[in-house]
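K.L.:
Generate coordinates for the sequence data below:
(one chain, ligands or ions: 2)
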Amino acid sequence: MADTILELMDVTVDFKGFLAVDAVSLSVGRGEVRTIIGPNGAGKSTLIDLITGKTRLKFGKIVFDGADITLRPPHEIAHAYGIGRKFQGPNTFFDMSVFDNLLLALRGSTGVGKSIFYRRTDDARGKIDDILRIIGLEDKKDTLVSALSYGEKQWVEIGMVLAQDAKLVILDEPTTGMTADETYKTGEMIRAMRKDRTIIVSEHDMDFVRQVAETVTVMNQGKILAEGTFEEIRQNPEVIRVYLKE
Ligand SMILES: Nc1ncnc2c1ncn2[C@@H]1O[C@H](COP(=O)(O)OP(=O)(O)O)[C@@H](O)[C@H]1O
Ligand SMILES: [Mg+2]
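P.N.:
Residues are numbered from 1 along each chain as shown. Ligands and ions are numbered 1, 2, ... in the order given. Model prediction:
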């Protein structure tokens with residue numbers, strides 16, 4: 001690939017003898033939307049934990065934007081290198097407004113030097129307005145997070161990742177628990193936010209994968225089973241056998 005932003009080389013995660021990620025090599029291009037699919041337990045979340053430094057690898061090497069980030073701590077991967085990740089479950093302050101949650105995320109990620117810059121509220125406001133547009137909550141910026149629907153809360157969390165100015169945004173099954181309409185809107189959001197970012201999204205909803213994916217990586221039992229366009233994946237006999245059989 002001409003411009004690779006993330007490269008995993010033969011990475012392996014060993015949980016006391018169980019290889020949750022088994023010698024995986026993967027390249028993601030700058031500006032790409034990559035979806036990772038696979039049955040439950042395939043190793044998708046573990047692979048994401050590995051990239052973000054939450055789980056440590058036993059073998060292998062991870063290079064991000066030209067830097068070796070293998071075994072770097074999570075806070076450094078997030079803030080120094082710029083890999084943002086939306087966790088499953090709530091990370092928002094329910095008794096604060098959507099706007100204030102985004103402002104906190106913006107301040108929290110910028111460190112001492114840049115926080116002086118963001119005291120100039122016009123800068124922060126402009127940036128938060130951009131994020132509100134992407135996550136479709138412009139009309140609800142003053143609403144308390146506690147009053148939002150489940151899907152809207154998830155979007156605030158996506159917005160908080162965007163506020164971190166990450167070069168790579170990773171979303172682990174972002175549409176879990178969402179209605180079909182919310183799932184579709186989340187797909188449109190991902191298409192809108194990819195403009196100047198690279199996105200990795202693990203997912204199980206194939207309509208959503210069709211909607212957002214450029215390249216699809218299929219995992220099974222800790223390994224990469226297949227990689228290709230949505231159509232290639234959909235017609236791949238091995239993928240159909242282990243994953244799409246329903
Ligand atoms: N901390 C852990 N200790 C031991 N086994 C784990 C741990 N985390 C995940 N696993 C196992 O690793 C495999 C992959 O899990 P996971 O990455 O969560 O899969 P996926 O996200 O594709 O559903 C599963 O068999 C899971 O039980
Ligand atoms: Mg998972």
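K.L.:
got a list of what the residue nearest in space to the middle of the chain touches?
P.N.:
In the chain, the residue lying closest to the centroid (Cα atoms, centre = their mean) is residue 170, at 1.5 Å. Counting by Cβ atoms under 8 Å, 6 or more residues apart in numbering, residue 170 touches 48, 51-52, 83-86, 199-201. Where you see a C-beta, it was placed from the backbone N, CA and C, and this is true even at glycine.
K.L.:
let's see it at 10 Å
P.N.:
With contact taken as Cβ atoms under 10 Å, 6 or more residues apart in numbering, residue 170 is in contact with 6, 34, 36, 47-49, 51-52, 83-87, 161, 198-202.
K.L.:
what's the neighbour count on the nearest residue to residue 102 once chain neighbours are set aside?
P.N.:
Distances taken as Cβ to Cβ, 6 or more residues apart in numbering place residue 128 nearest to residue 102, at 4.8 Å, with adjacent residues excluded. Other residues lying near residue 128 total 23 when counted by other Cβ atoms under 10 Å.
K.L.:
Let me know whether my guess that residue 128 is in a helix holds.
P.N.:
Yes. Checked against DSSP: H, G, I helix; E, B strand; the rest coil, residue 128 lies within a helix.
K.L.:
now it: how far from residue 103?
P.N.:
Using Cβ to Cβ, to the nearest Å, one gets 6 Å for the distance from residue 128 to residue 103.
K.L.:
which residues of this structure fall in helices?
P.N.:
Ranges of helices within the chain are 44-51, 74-76, 98-119, 121-135, 150-163, 180-193, 206-212, 230-235, 237-242, based on DSSP state H.
K.L.:
Please name every helix or strand in contact with the first one.
P.N.:
Right, the one you point to is helix 44-51. strand 4-15, strand 18-29, strand 33-37, strand 59-64, strand 83-86, strand 168-172, strand 198-202, strand 215-220 (3 or more Cβ pairs under 10 Å, 6 or more residues apart in numbering; DSSP states H and E).
K.L.:
need the helix or strand of the protein with the lowest average pLDDT.
P.N.:
When the helices and strands of the chain are compared on mean pLDDT, DSSP states H and E, helix 98-119 comes out lowest with a mean of 68.
K.L.:
ok and the residue in this structure nearest ligand 2?
P.N.:
residue 45 (3.2 Å; Cβ to the ion).
K.L.:
Can you give me the neighbour number for that residue?
P.N.:
Applying other Cβ under 10 Å, we find 18 residues neighbouring residue 45.
K.L.:
where does this protein come near ligand 1, residue by residue?
P.N.:
15, 18, 20, 38, 40-46 (Cβ under 6 Å from any ligand atom).
K.L.:
Repeat the analysis, applying 8 Å as the threshold.
P.N.:
Applying Cβ under 8 Å from any ligand atom, one finds that the chain approaches ligand 1 through 13, 15-16, 18, 20-21, 38-49, 55, 172-173, 202, 219, 222.
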